[in-house]
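*Asks:* The sequence and its predicted three-dimensional model are supplied below.
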Amino acid sequence: MAVKCIDISHYQGRPNFQQVAASGVIAMIHKATEGIGYSDPDRAYNCSNALKAGIAVCTYHFLKHGSAAEQMDYYLSDIEPQDGERVIVDYEDSACTLDDLHEAVQRLLDYGHDLQITVYSGHLLKEQLGGSRDDFLAENTDLWIAQYGVNAPSWPTGTYPIYSLWQYSDTGTIAGINDAYVDLNEFNGSDENLIKWIGPAGGRPGPTPEPDKVVRINIIARDDVTIEVSINGDLIT
């Protein structure tokens, strides 16, 4: 099965996204922030280059217990989402409660801009929800479920009749991402709908990253010598 959707963070470094795209990946979810005060240092660079390679992107925030609204403010200020962008609350910190999650989702709703809100979780959300229905989450979010070593996932169906995305492995390998395992995901639908689900992310992935390399040239010539320099095909005199 070709891998169509991956999620990464700074742990995967700065991949070669042309190779990633050539392997069949069409969507990527990148960590943006955690708690209050941590921003992933590679997010802007990676999202920009993934988009250039034709890969759709969106981001997630790793939620910590307490001050959920402030955390969402920090996340939103970091990514400055476009209208309709997919935003994801990573809900796996064992100290978190459903009150934390509700507060986080409400803050994203209050922000407006028709954001698409997803909850990522594994056993924590399943254990906390059980078979009950959480009307607030059911009406305002969809589910990205994490479960490994099974042919199909289980999830809290009382709240989510279906799941949107299934993270089925945290030990994948992808061409262009060296020396690090990658989380692999399967979308519950077509490739076309996966792109729509990700949303119009990336119009402004973050601050313009500094180039990997800087070339400095110092030329000393007589006054009667004309110097012509070509950079990427553009002539500079």
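*Replies:* Okay, I see it.
*Asks:* how about low-confidence regions in the protein?
*Replies:* Counting by pLDDT under 70, the ranges of the chain that qualify are 1, 201-237.
*Asks:* Not counting stretch 153-160 itself, show me its contacts.
*Replies:* With C-beta atoms under 8 Å, 6 or more residues apart in numbering as the test, stretch 153-160 has contacts from 125-126, 129-134, 137-138, 142-143, 145, 147, 163, 166, 168. Placement of C-beta: from N, CA and C, glycine included.
*Asks:* same thing but at 10 Å, please
*Replies:* Residues from elsewhere that reach stretch 153-160 (C-beta atoms under 10 Å, 6 or more residues apart in numbering): 119, 121-123, 125-139, 141-147, 161-163, 165-168, 186, 188.
*Asks:* Output that stretch as PDB, restricted to C-alpha atoms.
*Replies:* Written as PDB, here are the backbone C-alpha positions of stretch 153-160 (Å, rounded to 0.1, in the frame of the first residue of the first chain):
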ATOM      1  CA  PRO A 153      -8.700   0.800  14.100                       C
ATOM      2  CA  SER A 154     -11.200   1.000  16.900                       C
ATOM      3  CA  TRP A 155     -12.500   4.400  18.000                       C
ATOM      4  CA  PRO A 156     -15.100   6.000  20.300                       C
ATOM      5  CA  THR A 157     -18.000   5.500  17.900                       C
ATOM      6  CA  GLY A 158     -20.500   7.000  20.300                       C
ATOM      7  CA  THR A 159     -19.100  10.400  19.500                       C
ATOM      8  CA  TYR A 160     -17.500   9.800  16.100                       C
END
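*Asks:* Spell out the residue ranges of the strands in this structure.
*Replies:* Assigned by DSSP state E, the strands in the chain fall at 5-8, 27-34, 38-39, 56-62, 86-90, 116-121, 142-146, 165-172, 182-187, 229-231, 234-236.
*Asks:* ok, the first one: who's next to it in the sheet?
*Replies:* I take that to be strand 5-8. Sheet pairing of strand 5-8 (DSSP bridges) gives strand 27-34 (parallel), strand 182-187 (antiparallel).
*Asks:* Only alpha carbons, please: show it as PDB.
*Replies:* This file holds the C-alpha atoms of strand 5-8, laid out as PDB (Å, rounded to 0.1, in the frame of the first residue of the first chain):
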ATOM      1  CA  CYS A   5      -0.200  10.900   4.200                       C
ATOM      2  CA  ILE A   6       2.600  11.400   6.800                       C
ATOM      3  CA  ASP A   7       3.000  13.400   9.900                       C
ATOM      4  CA  ILE A   8       6.400  14.800  11.000                       C
END
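*Asks:* hang on, the earlier thing: can I get the strands of the chain in a markdown table with mean neighbour count?
*Replies:* A markdown table is the format used below for the strands of the chain (neighbours: other C-beta atoms under 10 Å):
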| stretch | mean neighbour count |
| --- | --- |
| strand 5-8 | 24 |
| strand 27-34 | 25 |
| strand 38-39 | 16 |
| strand 56-62 | 24 |
| strand 86-90 | 25 |
| strand 116-121 | 22 |
| strand 142-146 | 24 |
| strand 165-172 | 18 |
| strand 182-187 | 22 |
| strand 229-231 | 9 |
| strand 234-236 | 8 |
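*Asks:* List just the one of those strands that sits closest to residue 72.
*Replies:* Between residue 72 and those, the shortest separation by C-beta to C-beta is 7.0 Å, and it involves strand 56-62.
*Asks:* May I have the closest one exported as CSV, CA atoms only?
*Replies:* Extracted C-alpha coordinates of strand 56-62, given in CSV (Å, rounded to 0.1, in the frame of the first residue of the first chain):
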residue,chain,number,x,y,z
ALA,A,56,-0.7,19.5,0.8
VAL,A,57,0.0,20.5,4.4
CYS,A,58,-1.6,21.4,7.7
THR,A,59,-0.4,21.5,11.3
TYR,A,60,-1.1,20.4,14.8
HIS,A,61,-0.6,21.6,18.4
PHE,A,62,0.4,19.2,21.2
